[in-house]
Each structure stands twice: as structure tokens, then as C-alpha cells.
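> please work out how this folds:
(chains A and B)
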There are 2 protein chains.
Amino acid sequence: METDLNQFIRNEAFRDKIVSAEEAASWIEDGMSLGMSGFTLFGEPKEFPRALAERGKQEKFKVNLYTGASMGPAADQAMAEAGIINLRLPYQGNPVLRGKINSGEAFYIDQHLSHTAEWIRQGVLPAIDYAIIEAAAITEDGQIIPTGSVGNSPIFVQTAKHVIIELNTSAPREYEGMHDIYVPGPAGERKDIPVYDISKRIGTKGIPVDPAKVRGIVLSSQPDIPSPLFEPNAETQQIADNLLEFLRAEVKAGRLTESLAPLQSGVGSVANAVLNGMKTSEFRDIVVASEVLQDGIFDLIDAGVVKFAAATALSLSKKRVETLGQDLAKYKDKLVFRPQEISNHPEVIRRLGIISFNTALEVDIYGNVNSTHVGGTRMMNGIGGSGDFARNARITIFVTSSTAKEGKVSSIVPFVSHVDHTNHDVDVIVTEQGYADLRGLAPVQAAVKIIENCMHPDFREQAYEYFNEARARGGHTPHVLQKAFSWHTALAETGTMRKD
Amino acid sequence: METDLNQFIRNEAFRDKIVSAEEAASWIEDGMSLGMSGFTLFGEPKEFPRALAERGKQEKFKVNLYTGASMGPAADQAMAEAGIINLRLPYQGNPVLRGKINSGEAFYIDQHLSHTAEWIRQGVLPAIDYAIIEAAAITEDGQIIPTGSVGNSPIFVQTAKHVIIELNTSAPREYEGMHDIYVPGPAGERKDIPVYDISKRIGTKGIPVDPAKVRGIVLSSQPDIPSPLFEPNAETQQIADNLLEFLRAEVKAGRLTESLAPLQSGVGSVANAVLNGMKTSEFRDIVVASEVLQDGIFDLIDAGVVKFAAATALSLSKKRVETLGQDLAKYKDKLVFRPQEISNHPEVIRRLGIISFNTALEVDIYGNVNSTHVGGTRMMNGIGGSGDFARNARITIFVTSSTAKEGKVSSIVPFVSHVDHTNHDVDVIVTEQGYADLRGLAPVQAAVKIIENCMHPDFREQAYEYFNEARARGGHTPHVLQKAFSWHTALAETGTMRKD
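Numbering: from 1, shown residues only, chains lettered A, B, ... in the order given. As a prediction, this is how the structure comes out:
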């Protein structure tokens, strides 16, 4: 065992720091702020949060929990169940935690994923007492090698008073060498974020850490946590086809080539269907400059559609988790993982001219997008990185099914019940009905295009009823405020948005 | 006259191009797209648009009009009156044009001011047939020296099929040397936007133009157009004091020094009051990195409060227009004017860590901001550059009086009737009542802070009534959608938002 561990902990200064998860958890005090590695369930510590949650069942205390993005059963779920989360940011996706947030038992700040590091750097948030970082190894020169995500770990380690490393001896050894860690200086003093060709490295292969700051190393052998596999169905396939049709129209118009522009895609079933659809497309040598890489990326590389992919995290299904070591070895020179403030940095997104597509929960006839709140009140997961990309991309696309709840809910409404992306930032809407390219259109023109091209036919008549009544009253963005949310209130009262 | 003009047109290739405004206007055909210099009434051609509007009274044709920002009586107003504007972007502020937009007679795209150049570069908008650019001079090497704004002129000149120069012989000669023209390459091929120290020049002193593309030079001797002078009153002074109090708190917390961070301020009475309040403050050696420079900037430089200011345009009152030549001579080494895609570039704003403050029309209890639409429908001026700054600034501040219309309207409402800035992008709200620092707060915490610190006392009780009813129903951002716009509908029906 001793010999074994020396392969993982290759710097002597770290070797006497091994402690149990329970001991490390005992260091945490009420009111502390924790910065934890982890993004879309990848790269998160598992033993430490579970031990902390266990302690929370016996003892009354609460902590602030900052992460990269969504965390799994040991972290968000166990900690939420134990009731020890006071404030959570910047993203979450666990149903138990979500319940606590919506009931007011936990505070949540829904933040653009590139902003958290800036807030920490500026001292806006309570300072981090402990950074807890999952590692695949600690190098000879004292760098923490992350596992399947980088997220906010570099800024957590840089600013935390203490660091706890959760060394995962079951993590694929191939993780080492796949990260590219770069931390910008303070605003006002920094140079450019030097990402010009995303395949060229700009930083270090691990997160440098002063051994004196590392209070403990917790051992773990728990595998990466898989996400559900999103197989395309007829509807998501149709959305994907419509999105590809839009991209083809851009190529035809001479605004893009068959290698498109660096591509960012959100997580989920539609994104997966799009990637799937690209596999057999004419597109070639695409660069992926995304936040998260899903299963499909490997097939796209094999198919010659994608030539390189950068992101901050993986999010893989069970099948791909099982072969991850082999896959990482195979695709090592085609992939790189950077901190989320770099993958999502406005400077980089605008410079590279990224094409961004993300999922909308709800869209309105003028192109405003709700990504987060059901009925304007109940938080689902959070805005995530969609705002970072939408605001700065070359082309910003939002995809959604035109209906939900067996056709009782229209995803396209007169007025979105919550605005995450204003129509200034939304270029194209895609549903299974078609796509609406809103660029160059005034609001009333956009409304007609969205209703005609994207809305489910069953809702078009009532949409025109609203739009025409509003338009008769005049205004640049015509609305009848008395009826703006009438579809939502009808749903709440009658169980359907349909006026039949 | 010949000799005189040679001082202004210093390159021989341009000298035989002088035509009357009427002749130049006769070249414009129905359906053409025009890119016109001009931003907050400064630097716009005056003879050409007036001649075009005159032609529009005799003849039926329409054009698309792209500018830097708002234009004056000869451009937006005369052209709107003549009914010759089909599509207008990205910003306007003229009441006649606004009327046409709200009645549906003219289409308008309300666009982030840094985005227009990107759309033109990508070929998303109809290509520019004629660029019409006001100039102070044409240099020996064939550069157009702009006057009081740069705006979008460089991209207009670069991409237009033809260029018309309106040479203004009454423009202060001191304009020459005050501009710094830099045009980024296409997304995906460009390097960094090399603004690190805003006082260091990155480009050329004028806009390079191929003489073969210049079809005509129209002569003008019309002075720069002044804007109203916004003298502080008791209320704007109180808002300014509250904003300064927030900045002092940041200094006290160690997050800023007395030179703050590069400052962007919107245009208008509150911005002017803030600048006025800074004159006698302890703040020193501030850098202004803004979109527009107003009257107050000169006094702040004299007072040692501001050490350098960059922007894309001037916006001055009558008094300052009269002494402009002298002022430009005096402050020449303290000022620089860049294209609006540089002054407002997300890369630059995020890198420099700008503190941004802009005026809100309406704010909601969760910190969402409406900058543009009265009652959610009628366009006022447009979002302008506020989104460019809000989305990328170090600290984003929105200011507003807590009430309007003699206290009948609360500027803070349950749900804004239009969203231009989501609460993800809004850090601080300031009214004459106080300021609410929303950073680090969950929505329900933000609501209490906004109601307590910023709302007019007359509206607090009814705000709590809404908030408490919503909160009892649960949710991360509690709302009662049936009543979300009840204050707006009450105003429309009864003339007041007050429930007395």
C-alpha cells in the first residue's frame, strides 16, 4: 500500500498528511465556506462530503458550498439531506437540494459559471476556509492533478485558507496531462487570456499548491459518477435536424464553412441528438470549445467531424465511464480541460466566434428565454454557463421542444415567466417544428417568425390572438400586461395552457 | 477657398470629389443600407441626411439606417419625419423617430452597442451601400479624421461599397490626434484587443479609406449639436451621494482603493450628479473607461479626480460646445476616442475590471432591470451600451429615482414589464432612498434589501404584501403571476400604482 500510494503522492511533503474522511470533516466549523471541486458530477470529492453530511446528522452546523457546477449523491444530495447547506452556488441539479432551495431551507445564488472565480478573487463572497479537491495524483513538484473536471478548483486552491485533497486511487491514470490550468490575475492587472488556438496549452498540467496549506489528504477509490444517457428520440432528432438545417443555411449563405466555428453545446437530450446527427453530416474538422463534453464527442472524433475539443468537465453515461481509461488514452491529444472561468470566458468566446447552443425551458414570442424557473418561481437547475456563451457567442441558439406535459404546455408563451437571456442575446430558436432566425428582425417581425416556424400548431391561433390584440395597441414590443401570463395562470388553474 | 480646403483635404486623390449634399443624396436608392457616423448627437453628418430627407418628401423610398448611437434633428428626426427609415439600429433617442417605431412605421433593432460591428463583419445584416461619415479632415495619407465621435464609423467605412465624407470645416481642428482607430479582424482569426492601459494608443489616428471608394465629399460648416445640460437637483444629488457611499464602503472593505477602478457612467442627470459629487470627493487619479464623456469630465480632470478618459463619443451641453476647441487643446493628452466595439468590448471591460453605472427605467424586487420599455411595450431610447458594460463589469450598478410621475409610479415593482438586464448581471441598485448591494444574496434576501433600502416608503407596504403572498407559496424566486403586473395595470387603469 505504501509503495502504491507513492505513485499517487509523488512529493514527500504531502505523504504524512493522510487522514480519514471523518477527521477531515471534523475540521469544518459552523458558518465556514467550502470550495469543492466537481462539475456535472465529474471530479467531485465523494468521501469527504459524505463524512461531513454524516456529522451533520449528529451536530447542528451549516456551511456555504461553492463548486464548479452540479454535484452528485455524496455532495449535494447527502449534504442537503443533512440540512447543512446554508448558501450554495453557482449551479446545482440535484432534486433533493432543489427541493430545499425552493422551500427556502437553503439559499442559492444562480450565477454565470465564469463569474464565481471573479467574485472570489475580488473578495465579494465570504472567503473560502477549506478547498476540497478530488485529485488523480500529486506530482513531484507539488501540483494537484484533477480528475474529470477542472471547474473552479484552481481559484479555490489559490484563495482557500486550507486545502483538503481527496486522492482518488481509482481515477484513470490517463487524467494526468489532460488539464491546462491557467488562473488570470486580478482585473486591472491581468494580461490577455491567451487562448487563440484552443488546442495550444496556456498553463500548467496541475494546480500548484503550497504543501503547508494542505491540511489533509483523504483517500478514495470511488469511480466517476455517470449521468443518464440521453438517447435521441423522434422529437429530439427532429430538433437536431432543424438545427443542422440552420447551420447548413449559414454555410450556403457563405457565413460559415463546413468546419463551422468553434462549437459549444449544452448538456442533455437535444445536445446529444445534435452531436449524434453531426456524426453522419458533411461537417468536418470542427473545433469544440464547450463547457462539458458528453458521450457523443468520442464518436465525432472517430468520424472526423471533430478535430479537437476543449471543456472544463466531462459528463458521461455509465457505458463511457466504464471504458474511460482507454478512451482518455486514445483521445489524449484531442482533448483538454481548463478552468471554467477560461472555458466560459467572454474574452475567449468573443475572440473565437463560438456558435453556442443551449436548452431553453421556455421562450417568448419576442425571443426572450427562461432557462431556470418553472412558472417563474421554482428553480430547476440554474443558468449554468448558458449566459456566458449566449452573451458573447457569434451565433446564440436556444433549443426546446415546442410543448411539454403531453402537449398541455406550450414552451413558447406570450411572456416568459422568468428571463435569463434577453432577446438582445438570442439569435436563433429551434424546436421540432423548425427554426426561427431572429437576427436582423424587429420584435414584431421576430414574433411572427417564432409563432410560424417554432410554435406547435395547436397553440398558434391563441398566440396570434394575444399578439394581434397587443399589436393593435401599438408599441415596439406589443404586450397586453393583463394577459401576459394568462397561459401560465390557466395552466395552474386548469392543468393546461390550451384554450379549447 | 481652394487654399482653405486644401488644409482640410490634404490628399490630392480626394480633392475632385466635392459634390452638393443634394447630389450625394440622389445616389441613394430604395432599399439601400446606410452606415452613418454619429453617437449621442456628436460626429454625425448634417447636410447629407437633411438633403436625403428633403428628397424623401418628393419621392417614395426607404433605407436602413445604421449608426453609432442616437442622432440629432437632421438625421433621425428629419429622416423619420420624411418617412424614409425602414430599419434603424442600434440606438436612437429622437422623439419623432421613437413615435414612428412605437407606431410600427419604422422597424428598430435594439442592440448592444458593441454587437453591430460584429454583425456587419459577419454579413448578418444587409451590407452597407453607403457609409456617410462626418470628418474634421482628410490626411495626407488618406485617413478620415472623425469629429466628436468614432462610433461604428471604422467598420462602416471598411465594409461599405461607397463612402461619402461630410467634411465639416467648422469642426475644431483639435479633433485631429484625439482618436485611436482599431478594427478587430474576423472572429476566429483575431488577436487580443490590445487595450491594457487605456491611455496607450493601439491604432491609427484616423480611419484609413481607399480614395476609389469615396464617391463624394459634401461640405458642411454646422457646429456640433449640444445635448441638454443636466444640472443636479436634490434628488439626483441624493442618488449620487448614495452611490458614492457605496463606493466608499468598497474602499473601506479593502476591495477598492481611492482611485477605484476604471469607471463607466451612463448619460443623463444622475450620471452628471455623480460626476459632480466626485469633484469634491476624496477619490483621486481615476481612469474613466466609458462610452460617452459629458460636461463634468473636464472639471474632474481639473480637480485631479480623473487622470485619463477614454470613450467613443462626446455629449456636451451648449456651453461646452462653445468652448470645445479650447477644451480639446487643453485636455488633448487626457482624452482618447475609440470605436464603440472597442470602448464597449467585453474583453476590455472584463480585463480592466470596470465599475459600471447606468440608469434603470424600472427595477424589480429581485433585481431585474428594464432600461428601455415603458409599460413593457413602448420603446424609449434603447439598451445602448448598458448591456455591454453590465454583463462584463467588475461591479454593475443601476441607478434610478425610486418614483416617477409625482410619486404615482414606483420605479421598483414586483416584476419588471420588460427585462434588459437579468439579476445575474446586476450587483447594486441605487435610488435616492439608499443603495442595495445584492452581491452574495439569494433572490428572497435581495428582495428584502431592495424594498428596505431603495424603495420609496409609500410603496413598501404594498411591496411586502406582494412579496409575502408570493413567498408563502414557495419557490426560489417567489411570484404570484396573476398579480405580477398588477401595479402596471393599476397605473394604466387608475393613473397610479398606489393602492391607497
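> hey, which helix or strand in chain A has the poorest pLDDT?
Taking mean pLDDT, DSSP states H and E as the measure, chain A has helix A:2-8 as its least confident helix or strand, at a mean of 81.
> elements contacting that one?
In this structure, helix A:2-8 makes packing contacts with strand A:137-138, judged by 3 or more Cβ pairs under 8 Å, 6 or more residues apart in numbering or on different chains; DSSP states H and E. Just so you know, the C-beta spots here come from the backbone N, C-alpha and C atoms, and that holds for glycine as well.
> so what strands line up beside the first helix or strand past the strand it packs on going along the chain?
Once strand A:137-138 ends, the next helix or strand along the chain (criterion: DSSP states H and E) is strand A:143-145. Here strand A:143-145 has these sheet partners by DSSP bridges: strand A:137-138 (antiparallel), strand A:207-208 (antiparallel).
> who touches the helix or strand that strand A:143-145 is followed by?
If you walk from strand A:143-145 toward the C-terminus, the next helix or strand you reach (DSSP H and E) is helix A:153-159. Under the contact criterion Cβ atoms under 8 Å, 6 or more residues apart in numbering or on different chains, helix A:153-159 has outside partners A:35-37, A:43, A:66, A:68, A:116-117, A:120-121, A:127-128, A:131, A:133, A:144, A:146, A:163, A:181-183, A:207, A:209, A:213, A:339, A:341.
> what does the stretch 101-250 of chain A put close to chain B?
By the rule Cβ under 8 Å from any Cβ of the partner chain, the part of the stretch 101-250 of chain A lying against chain B is A:101-104, A:107-112, A:115, A:118-119, A:122-126, A:186-188, A:190-192, A:194, A:196.
> on that earlier part again, please point out which parts of the least confident helix or strand of chain A sit buried.
Of the residues in helix A:2-8, those with enough neighbours to count as buried (16 or more other Cβ atoms under 10 Å in any protein chain shown) are A:F8.
> using PDB, write down the CA coordinates of it.
The C-alpha trace of helix A:2-8 is given here as PDB (Å, rounded to 0.1, in the frame of the first residue of the first chain):
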ATOM      1  CA  GLU A   2       2.800   2.400   1.000                       C
ATOM      2  CA  THR A   3       4.600   1.800  -2.300                       C
ATOM      3  CA  ASP A   4       1.300   2.100  -4.200                       C
ATOM      4  CA  LEU A   5       0.500   5.500  -2.700                       C
ATOM      5  CA  ASN A   6       3.900   6.900  -3.500                       C
ATOM      6  CA  GLN A   7       2.900   6.500  -7.100                       C
ATOM      7  CA  PHE A   8       0.000   8.800  -6.500                       C
END
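> immediately after it, which helix or strand?
Secondary structure here is assigned by DSSP H and E; on that basis, the next helix or strand after helix A:2-8 toward the C-terminus is strand A:18-19.
> how far off centre is that next one?
In this view, strand A:18-19 has its centroid 32 Å away from the chain centroid, taken as Cα atoms, centre = their mean, to the nearest Å.
> against which helices or strands is it packed?
Under the contact criterion of 3+ Cβ pairs under 8 Å, 6+ apart, the helices and strands touching strand A:18-19 comprise strand A:214-220.
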